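Engineer: Sequence first, then the predicted structure:
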Amino acid sequence: MSPRICWSRSWPPRCTARSRGCSRAAERLPTIELDAAGVTVEHGDARGSSRTILRPTTLTLTERRVAVIGANGSGKSTLARLLNGLVTPTTGRVVVDGLDVARHTSRVRRQVGFCFTDPAAQLVMATCVEDVELSLRRSVRDARARHRRAMEVLDSFGLAGHADDSVHTLSGGQRQLVALAGVLATDPSVLVADEPTTLLDLANSRRVGDVLMGLSQQLVLLTHDLDLARRCERGLVVADGAIAFDGSADDAVEHYVASVATG
Ligand SMILES: Nc1ncnc2c1ncn2[C@@H]1O[C@H](COP(=O)(O)OP(=O)(O)OP(=O)(O)O)[C@@H](O)[C@H]1O
């Protein structure tokens, strides 16, 4: 299986798609849809009554990079988690590339990789290479081939030298990259990244941001880093469980900043 990502061997890793002649700009990107009837999410609260987390939302995402920004607790993660079935809609349908997420959750999860804010939520094995191998357990059955592939992936992130290290000995940025490597090793067509740079210092945050922006996959990026958000083609502002703005990433950032300023 050929990787969809164009990896470089340098640190920080950068997509070298054009220079390697493997640009996928012309490749069809998946379409993500929250259907026209409107998708809602409700959760029960402590008193047993139901609370609306996502108000009726209709959305079609076809751009390569979509930023989702907004205040804490506005509903960004809930929206993102709908895309690979981590959250089930209370009403309405979420469809990824023609597949209803609720009905075809396993198939959708093979297409939609999810990267959490804290890599500790994803990195469970003793060493980096074992973690990437774990991601590949279904797609590469032969153990030696799986190890080779995992090493290739780590190498492409400049992490081959850390293959046998415990993830706990890596820097925060390297840990996040190992987590990303594990998700991307399975060749998803969409990456949903939930605040992947939030825990990182400036240098690591730039490194991870550059990797994300260099991906050929469709990226849905939840972030509080407004400079990173601006690098996307489209921006959604989520406020109080609804899409408050949908437009260019620059305009979305302006909208969000203005809404914070005006309270
Ligand atoms: N499983 C759940 N049960 C009850 N309430 C929930 C659940 N999941 C999320 N919520 C609530 O829904 C609201 C939106 O949460 P969500 O995590 O989607 O926000 P967010 O915009 O991603 O926030 P942040 O930027 O802080 O990560 C919050 O008030 C949260 O407490």
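Structural biologist: In hand now; what should we look at?
Engineer: Can you pull out the low-pLDDT segments for the stretch 151-263 of the chain?
Structural biologist: Low-confidence segments of the stretch 151-263 of the chain, defined by pLDDT under 70, are absent.
Engineer: quick one: the helices in it?
Structural biologist: Taking DSSP state H, counting those that start in this stretch as the criterion, the stretch 151-263 of the chain contains helices spanning 172-184, 202-214, 226-230, 249-261.
Engineer: Residue 232 contacts residue 249, correct?
Structural biologist: Yes: with contact taken as Cβ atoms under 8 Å, residue 232 and residue 249 are classed as touching, separated by 4.3 Å. Bear in mind the C-beta positions are built from the backbone N, C-alpha and C, glycine included.
Engineer: Now for those two: what residues contact both?
Structural biologist: 65, 67 (Cβ atoms under 8 Å, 6 or more residues apart in numbering).
Engineer: Strands of the stretch 51-200 of the chain, start to end?
Structural biologist: Counting by DSSP state E, counting those that start in this stretch, the stretch 51-200 of the chain has strands at residues 65-70, 94-96, 99-100, 112-115, 190-194.
Engineer: Among the ones you listed, which comes closest to residue 153?
Structural biologist: Distances from residue 153 to each of these were compared using Cβ to Cβ; the shortest belongs to strand 112-115, at 12.7 Å.
Engineer: same question for the closest one, mean pLDDT?
Structural biologist: Average pLDDT, strand 112-115: 94.
Engineer: next one: stretch 62-80
Structural biologist: What stretch 62-80 shows for mean pLDDT is 96.
Engineer: How far does that stretch stretch from one end to the other?
Structural biologist: Length of stretch 62-80, first residue to last, Cα to Cα, to the nearest Å: 15 Å.
Engineer: begin at 574 from here
Structural biologist: New numbering, starting at 574: the last item is stretch 635-653.
Engineer: Can you give me the buried ones in that stretch?
Structural biologist: Of the residues in stretch 635-653, those with enough neighbours to count as buried (16 or more other Cβ atoms under 10 Å) are 636-643, 647-653.
Engineer: show me which of those residues neighbour the ligand.
Structural biologist: Filtering the buried residues of stretch 635-653 for neighbours of the ligand using Cβ under 6 Å from any ligand atom leaves 643, 647, 648, 649, 650, 651.
Engineer: Can you report how many residues lie near the closest residue to the third one other than its chain neighbours?
Structural biologist: Leaving aside its chain neighbours, residue 648 sits nearest to residue 814 (4.4 Å; criterion: Cβ to Cβ, 6 or more residues apart in numbering). By the criterion of other Cβ atoms under 10 Å, residue 814 has 22 neighbours.
Engineer: wouldn't residue 814 be in contact with residue 625 here?
Structural biologist: Yes: if you go by Cβ under 8 Å, residue 814 and residue 625 touch, sitting 6.0 Å apart.
Engineer: who in the stretch 574-723 of the chain is up against the ligand?
Structural biologist: Proximity of the stretch 574-723 of the chain to the ligand, by Cβ under 6 Å from any ligand atom, involves residues 616, 626, 643, 645, 646, 647, 648, 649, 650, 651.
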